[in-house]
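> Provided below are the primary sequence and the corresponding predicted coordinates.
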Amino acid sequence: MKKVWVIIKREYLVRVRTRAFAIGTVISPLLLLGLIILPSFLAERGGGGERHVIVLDQSGDADLFTGIKSRVESRGSKNGSDSDEGFRSSTQFVLTRLSVTAEQDPQELIKKYSNESGNKGPDKSFLVLGPKILDDGPPEYHAKNLSDFSIRALEGAVSATIAERKLMRAGFDASKISQYMKPVDLKQFKIGAGGESKEGGMRQDFMVAFALLFFLYMSVLFYGIFVMRGVIEEKQSRIVEVVISSVKPTQMMLGKVIGIGLVGLTQIGIWALSAGLISMFGAKVFASQGGRVPSIPFNLLLYFVLYFVLGFFLYATLYAMVGSTVSSEEDAQQAQFPVTMLLVVPMMIFGLVMANPSSTSSIVLSMVPFFAPTLMMLRIAVINPPAWQVILSMAIMLATIMGFVWLSAKIYRVGILMYGKRPNLAELGRWLRYN
């Protein structure tokens, strides 16, 4: 045990003292924050600038255009209070009305005005309000670019104004229509394990679940590959031939796996402490900007650490086994593919599990030992699965880890001294039979 401890200490200190560890500890949370915030930022801000829209109005109702323009301008302004649909875009829509008779073909006008300025002028967009727009006729939007998220703001303004004009035609009091049309916010409460309800929401649950899932996936993958590369480096430098004379191969493998695992726990501990400080001191800052810092319960962090430890030991033994069977990084890239795919598959199906975490398929998938670190962690973050499911998944993982430690140790003790051609399955079978 003393020799194992020496290896653990060496593996831990060598990696913790590197600049790569310090940089990775800081960059990884910032990268995740960027992945979460940037898409929302771009979606909400749209493309920015002005977008000229020619409204081809065949409705015969001038107030319809006035209402649409008023709503669009109020959403475009920073102080606009009309945020019914929740659209906040920096794109400024400039609407120009062109009265069109019911007999005219809007498509001909679109061709005429879109080609008028050629490629030099700004792109023009067209909003067609047909003659039956107030009788279930759909409005049409024509533009060269339909991928701009700010179009949703225009769509919301058109929809709300059409509904308002229909109500006015039906005889409703014009002064009360805006009150009738005011949307009702559905407050969402999450039921806890004890049956108590706590205010929450899909957005907050998704952010927490995705953050934990991403960190768990990246940590297990990163440190698992660390173990594999460490084994390959020792084989290439022939250091292992000296070390193996005083330490058993199994002790060497366990020391390496545990040492690198402690490096991962150190990094996760720093991330958890940082998250706690941000939650404590950054909540007021986010609240002042209209934001909200998602709260992460302590028991969720505890589960995160447990599944990281279990997931790391499972995949680290597999990566150590892969490293012992190859002699170069090039061979390792091919040999590690099946192991890496076991980690990638849960990331590909996490959306299905998150949508229905209590379904039979979600429960079964979260019990698979190779998927449990990510999918069971995801289910815990989204809902409160029964305790027996969590315990059973951990028990299955522990049994799988013990089996693969035995299997990996047998292959490791032979493969660590093998060089040259990568062994095939028949050779690996012979290595398992060696005493």
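Perfect, thanks for sending it.
> State whether Phe93 is indeed within a helix.
No. Under DSSP: H, G, I helix; E, B strand; the rest coil, Phe93 sits outside any helix and is assigned strand.
> shouldn't it be in contact with Glu155?
No. Counting by C-beta atoms under 8 Å, Phe93 does not reach Glu155; the two are 11.2 Å apart. For glycine as for every other residue, the C-beta is placed from the backbone atoms N, C-alpha and C.
> quick one, which of these two is more surrounded?
Between Phe93 and Glu155, counted using other C-beta atoms under 10 Å, the more crowded position is Phe93 (23 against 15).
> Return the distance of the closest residue to the more buried one other than its chain neighbours relative to Arg152.
In space, and not counting its chain neighbours, Phe93 is closest to Val72: 4.7 Å by C-beta to C-beta, 6 or more residues apart in numbering. Taking C-beta to C-beta, to the nearest Å as the measure, Val72 falls 12 Å from Arg152.
> which stretches of this protein form strands?
Assigned by DSSP state E, the strands in the chain fall at 50-57, 92-99, 124-129, 140-142, 189-191, 197-199.
> what angle sits between the first one and strand 124-129?
Strand 50-57 runs at 30 degrees relative to strand 124-129, counting by axes from the mean of the first three to the mean of the last three C-alpha atoms, to 10 degrees.
> List the neighbouring strands of strand 50-57 plus their orientation.
strand 92-99 (parallel), strand 124-129 (parallel) (DSSP bridges).
> tell me the most buried of these?
strand 124-129 (a mean of 22; mean count of other C-beta atoms under 10 Å).
> mind checking how far that one is from the chain centre?
Put simply, strand 124-129 sits 36 Å off its chain's centre (C-alpha atoms, centre = their mean, to the nearest Å).
> Same question for stretch 364-379.
With C-alpha atoms, centre = their mean, you get 17 Å for stretch 364-379.
> Stretch 422-435 too?
With C-alpha atoms, centre = their mean, you get 40 Å for stretch 422-435.
> Surely Ala320 touches Met253?
Yes. Using C-beta under 8 Å, Ala320 is in contact with Met253, at 5.4 Å.
> Can you check which residues contact both of these two?
Ser408, Tyr412 (C-beta atoms under 8 Å, 6 or more residues apart in numbering).
> so where is the stretch 51-200 of the chain shaky, pLDDT-wise?
75-90, 116-122, 149, 191-200 (pLDDT under 70).
> go on, the stretch 201-350 of the chain?
In the stretch 201-350 of the chain (pLDDT under 70), the answer is 201-205, 240-241, 275-296.
> which stretches of it form helices?
202-237, 239-243, 249-281, 283-288, 298-325, 329-335, 337-355 (DSSP state H, counting those that start in this stretch).
> if you compare those helices, which one is most tucked away?
With a mean of 22, the top stretch among the helices of the stretch 201-350 of the chain by mean neighbour count (mean count of other C-beta under 10 Å) is helix 298-325.
> how many degrees apart are that helix and helix 249-281 in direction?
Going by the same axes, to 10 degrees, helix 298-325 makes 150 degrees with helix 249-281.
> Helix 298-325 packs against which elements?
Secondary-structure packing of helix 298-325 (3 or more C-beta pairs under 8 Å, 6 or more residues apart in numbering; DSSP states H and E): helix 202-237, helix 249-281, helix 329-335, helix 337-355, helix 372-382, helix 387-415.
> In CSV, list these along with distance to Glu427.
Listed next are the helices and strands packed on helix 298-325 as CSV, based on distance: least, C-beta to C-beta, whole Å:
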stretch, distance to Glu427
helix 202-237, 17
helix 249-281, 17
helix 329-335, 13
helix 337-355, 17
helix 372-382, 30
helix 387-415, 9
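> Please identify which of those is closest to Thr18.
Of all the helices and strands packed on helix 298-325, helix 249-281 sits nearest to Thr18, with 9.8 Å by C-beta to C-beta.
> Could you double-check that Arg165 sits in contact with Phe65?
No. Judged on C-beta under 8 Å, Arg165 makes no contact with Phe65 at a distance of 10.5 Å.
> between the strands of the chain, which gets nearest to Met376?
strand 189-191 (18.5 Å).
> Check whether Leu417 really touches Ile244, as I assumed.
Yes. Contact criterion C-beta under 8 Å: Leu417 and Ile244 qualify, at 7.0 Å.
> Of the two, give the one with the bigger neighbour count.
Set side by side, Leu417 and Ile244 show more neighbours around Ile244, with 16 against 13, by other C-beta under 10 Å.
> Spit out the contact partners of that one.
By C-beta under 8 Å, 6+ apart, the neighbours of Ile244 are Met252, Ile416, Leu417.
> And those residues, which is closest to Ala22?
Met252 (27.3 Å).
> what's the nearest residue to Thr96 if we skip its chain neighbours?
Ile54 (5.3 Å).
> so who does the one you found touch?
Neighbours of Ile54 in contact, by C-beta under 8 Å, 6+ apart: Thr96, Leu98, Tyr113, Lys124, Ser125, Phe126, Leu127.
> thought the fourth one was touching Lys112?
Spelled out, that is Lys124. No. Using C-beta under 8 Å, Lys124 is not in contact with Lys112; the gap is 10.7 Å.
> Count the neighbours of the closest residue to Leu300 other than its chain neighbours for me.
Spatially, and ignoring its direct neighbours in sequence, Leu300 is nearest to Ala381 (6.2 Å; C-beta to C-beta, 6+ apart). Counted with other C-beta under 10 Å, the neighbours of Ala381 add up to 24.
> tell me the contacts of Ala381?
Asp205, Val208, Ala209, Leu212, Leu213, Leu300.
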